[in-house]
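Novice: need a structure here:
(one chain, ligands or ions: 1)
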Amino acid sequence: MKETKFIKKTVDFSKNLHINLIKKLLVFDEVDSTNSTAKELAQAGAEEGTVVIARIQHHGRGRFDRIWQSPDGGVYLSIILRPRISTKKISLLPFVAALAVVKTIKLYGLHTTIKWPNDTQVNGKKIAGILLETEIKGDSIIYVVVGIGMNLNIDRKHLSPDIQSRSTSMSHELGFPVDYHEFLRTFFVQLEKTYLLFVNHSFEKIINEWKIHTDTLGKTIRVQTSTGMLQGLAFDIDLQGFLLLRTESGEIKKILSGDCLYMKELDHT
Ligand code: BTN
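Specialist: Numbers count the residues shown, from 1 in each chain. Take a look at the predicted model:
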């Protein structure tokens, strides 16, 4: 594997977790990107439930080819999933992952919201991000790598000033550091529960739960999509996860993916 040079320790403590979904937990000290490592493993045939975790990432990747700054103290993990489900439903997986993250953070007593589609925020600042990478052949999902970056005990001084102003961390919000292993266990329990809803086709339940935790619906937003910028009232999402936006001219736009900005965030840009 390309990233072998970064491996300082590889521990498999999945046996002690007793969570059915988590089959193998590979813990690295440093990697380029847990998503890249997980993709290589998935391409080499790694089973569903293989998780790659790293203490730090040298080239953490975010959505829209952005850099995900990954200093010590954060949680950087990628899980390989191989759902035997229609490729049409794959658009719901970002919502599954976001729900698992938001429910975990809420268990620590923090008021947490999801910004469409899957950013997690506390007090209007980003605390976690999700990057999904998928390989599909014909009608089959070969694998999905779900990468999650969470600002657990990050000292925000280690983030660049622009990211600092828009981010927060669990330890910053709570005023004390969070136990890393306890947090991981809590997260995996939530992920397993939400993923089971997905593989059992409880799509409406996933969307309804997502709606409970989002603060996007009802807001006027601006969305940068691959084909251009759209602005309007985000009033609903449908069962496939398309965001429904009513523009000023009254047109209804259905958006599957994009970068969402709230108007108050635009005031600061
Ligand atoms: C976003 O842009 O909000 C998504 C950020 C996703 C970052 C995580 S950290 C673990 C995994 N490995 C990566 O390189 N990216 C994801």
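Novice: Contacts only, for whatever residue of the stretch 151-269 of the chain ends up closest to the ligand.
Specialist: With CB to the nearest ligand atom as the measure, D259 is the residue of the stretch 151-269 of the chain nearest to the ligand, at 8.9 Å. Where C-beta positions appear, they are placed from N, C-alpha and C, glycine not excepted. Going by CB atoms under 8 Å, 6 or more residues apart in numbering, D259 touches 63-64, 223-224.
Novice: same check, this time on K193
Specialist: By CB under 8 Å, 6+ apart, the contact set of K193 is A100.
Novice: For it, identify the helix or strand it belongs to.
Specialist: helix 180-199 (DSSP states H and E).
Novice: immediately after that helix, which helix or strand?
Specialist: Under the assignment DSSP H and E, the closest C-terminal helix or strand after helix 180-199 is helix 203-213.
Novice: quick one, that following helix and helix 180-199 angle?
Specialist: Counting by axes from the mean of the first three to the mean of the last three CA atoms, to 10 degrees, helix 203-213 lies at 130 degrees to helix 180-199.
Novice: Now helix 203-213: buried residues?
Specialist: 203, 206-207, 209-210, 213 (16 or more other CB atoms under 10 Å).
Novice: what does stretch 217-230 give?
Specialist: In stretch 217-230, counting by 16+ other CB under 10 Å, buried: 217, 219, 221-223, 230.
Novice: Tell me if I am right that K157 is in a helix.
Specialist: Yes: assessed by DSSP: H, G, I helix; E, B strand; the rest coil, K157 belongs to a helix.
Novice: ok, back up a step: adding pLDDT and secondary structure, write the buried residues of stretch 217-230 out as CSV.
Specialist: CSV is the format used below for the buried residues of stretch 217-230 (pLDDT from 0 to 100; DSSP: H, G, I helix; E, B strand; the rest coil):
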residue, pLDDT, secondary structure
L217, 97, coil
K219, 95, coil
I221, 96, strand
R222, 96, strand
V223, 95, strand
L230, 95, strand
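Novice: how about these in a markdown table, adding distance to the ligand?
Specialist: A markdown table is the format used below for the buried residues of stretch 217-230 (distance: CB to the nearest ligand atom, whole Å):
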| residue | distance to the ligand |
| --- | --- |
| L217 | 20 |
| K219 | 19 |
| I221 | 16 |
| R222 | 17 |
| V223 | 15 |
| L230 | 20 |
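Novice: quick one, what contacts L81?
Specialist: Neighbour list for L81: 48-49, 93, 143-146, 195 [criterion: CB under 8 Å, 6+ apart].
Novice: what's around G175, how many residues?
Specialist: 6 (other CB atoms under 10 Å).
Novice: Let me fix that, I meant to ask about V27.
Specialist: 19.
Novice: Which helix or strand contains S36?
Specialist: Assigned by DSSP H and E, S36 falls within helix 34-43.
Novice: for that helix, packing partners?
Specialist: Secondary-structure packing of helix 34-43 (3 or more CB pairs under 8 Å, 6 or more residues apart in numbering; DSSP states H and E): strand 24-31, strand 50-57, strand 75-81, strand 125-137, strand 140-150.
Novice: what about that helix and the ligand, any contact?
Specialist: Yes: Helix 34-43 lies within reach of the ligand by CB under 6 Å from any ligand atom, at 34-35.
Novice: Tell me which residues are up against that helix.
Specialist: For helix 34-43, contacts defined as CB under 8 Å, 6+ apart pick out 1-3, 26, 28, 31, 46, 50-54, 57, 59-61, 76-80, 131, 133, 135, 142-143, 145, 147.
Novice: give me that answer again for 7 Å
Specialist: Defining contact as CB atoms under 7 Å, 6 or more residues apart in numbering, one finds that helix 34-43 is touched by 1-3, 31, 50, 52-54, 57, 61, 76-78, 80, 131, 133, 143, 145, 147.
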